[in-house]
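> mind folding the following:
(one chain, ligands or ions: 1)
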Amino acid sequence: MTTTVEKPTEAPSAEEKPKVTKTAIVTGASSGIGEEFARQLAGRGYAVVLVARRRDRLDAIAKEIAETGATAEVIEADLSKPEGVAAVVKRIGKGDVDMLVNNAGFGINGVFGAVPLERELEEIDLNVRALTELSHAAITQMKPKRAGTIINVGSTGSYQPVPYMSTYAATKAYVLFFSEGLHEEAKQYGVTVTCLCPGGTSTEFQQVAGVDRKKLPRGSFMEPAPVVKAALNGAKAGRGIVVPGMMNKTTANLNRFLPRSAVRKIAGRMFKHD
Ligand code: NAP
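As a prediction, this is how the structure comes out:
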């Protein structure tokens with residue numbers, strides 16, 4: 001179901017308001033990195049379309065964004081389900097979307113075989129299938145206009161296997177490779193595709209995944225704000241990949257300096273699960 005939050009009657013004057021000239025869709029906008037994307041994009045003058053399952057959270061964020069004078073629309077959709085994806089594809093089909101942020105995603109920290117298969121498949125449906133389908137819908141609209149931006153959210157886990165989060169790391173490897181391929185194709189017709197690869201970020205991700213933050217290196221977590229700022233600036237500059245933060249850049253490049261077998265053992269130690 002789609003709703004648009006009206007601008008408040010006592011909104012700031014036209015001079016104070018960011019001028020809305022463009023529209024961005026952000027999936028997974030009800031918390032964490034996606035919520036931050038929605039807020040920063042509204043601040044940069046975009047009308048934002050917020051997508052996720054938790055309607056109450058989306059409505060509250062849309063209301064806050066509208067209070068700044070920007071326009072926010074809400075689509076309640078489960079993107080692990082075909083009908084949820086179809087609702088967003090339909091919205092993209094209106095033809096006014098300048099930016100798509102494929103951010104919705106989750107991971108599971110557990111022993112493969114012990115985690116229910118439905119949950120592993122839901123992860124693939126959301127992290128891979130929905131992202132691919134929405135990218136397809138957006139590219140189809142953007143290509144004839146020779147303009148547009150797609151930001152796909154990968155992970156530093158896109159760069160190496162992660163034992164006890166094997167499905168998650170594999171989905172994020174897909175996101176990176178898919179996005180890099182599209183980046184090269186799409187730049188010929190003026191569309192930028194950027195893969196954002198964050199490392200540990202303070203959101204609800206760890207709680208949902210069941211990751212014990214205490215096992216991860218101290219001080220390695222970033223706040224969503226600098227992660228999103230780096231992504232938006234990188235996409236604006238036409239970059240194919242954005243890895244925010246020095247620690248994350250090092251993690252993403254470990255494969256270059258250490259044998260693969262060593263890198264996956266280190267990852268396995270960090271995410272070990274009984
Ligand atoms: P988060 O706070 O848990 O946010 C995840 C978002 O995805 C929520 O808005 C959630 O909304 C939405 N979502 C989950 N399942 C969905 C579904 N079936 N349909 C529609 N929306 C769904 O975590 P986050 O850290 O911001 O995650 C954002 C992205 O960053 C993910 O792709 C994640 O893999 C990636 N990432 C995160 C980290 C990290 O450490 N935080 C590191 C690397 C990459 P609802 O529950 O309301 O549907």
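> any idea how far the residue nearest to the spatial centre of the chain is from residue 270?
Nearest to the mean C-alpha position of the chain, by Cα atoms, centre = their mean, lies residue 103 at 1.7 Å. According to Cβ to Cβ, to the nearest Å, residue 103 and residue 270 sit 23 Å apart. Where you see a C-beta, it was placed from the backbone N, CA and C, and this is true even at glycine.
> residue 54 versus the closest residue to residue 120 other than its chain neighbours, what's the distance?
In space, and not counting its chain neighbours, residue 120 is closest to residue 167: 4.9 Å by Cβ to Cβ, 6 or more residues apart in numbering. Applying Cβ to Cβ, one obtains 23 Å for the distance of residue 167 from residue 54.
> more crowded one of these two?
Neighbour count, other Cβ atoms under 10 Å: between residue 167 and residue 54, residue 167 has more, with 21 against 13.
> name the element that one belongs to?
According to DSSP states H and E, residue 167 maps onto helix 166-186.
> which strands and helices sit next to the helix or strand just after that helix?
Counting by DSSP H and E, the next helix or strand C-terminal to helix 166-186 is strand 191-196. When contacts are defined as 3 or more Cβ pairs under 8 Å, 6 or more residues apart in numbering; DSSP states H and E, strand 191-196 sits against helix 131-145, strand 148-153, helix 166-186, helix 224-236, strand 241-242.
> buried deepest among the ones you listed, which one?
Greatest average neighbour count among the helices and strands packed on strand 191-196 goes to strand 148-153 (a mean of 25), per mean count of other Cβ atoms under 10 Å.
> quick revisit: I'd guessed the residue nearest to the centre of the chain sits against residue 31; true?
No - with contact defined as Cβ atoms under 8 Å, residue 103 does not count as touching residue 31 (10.3 Å).
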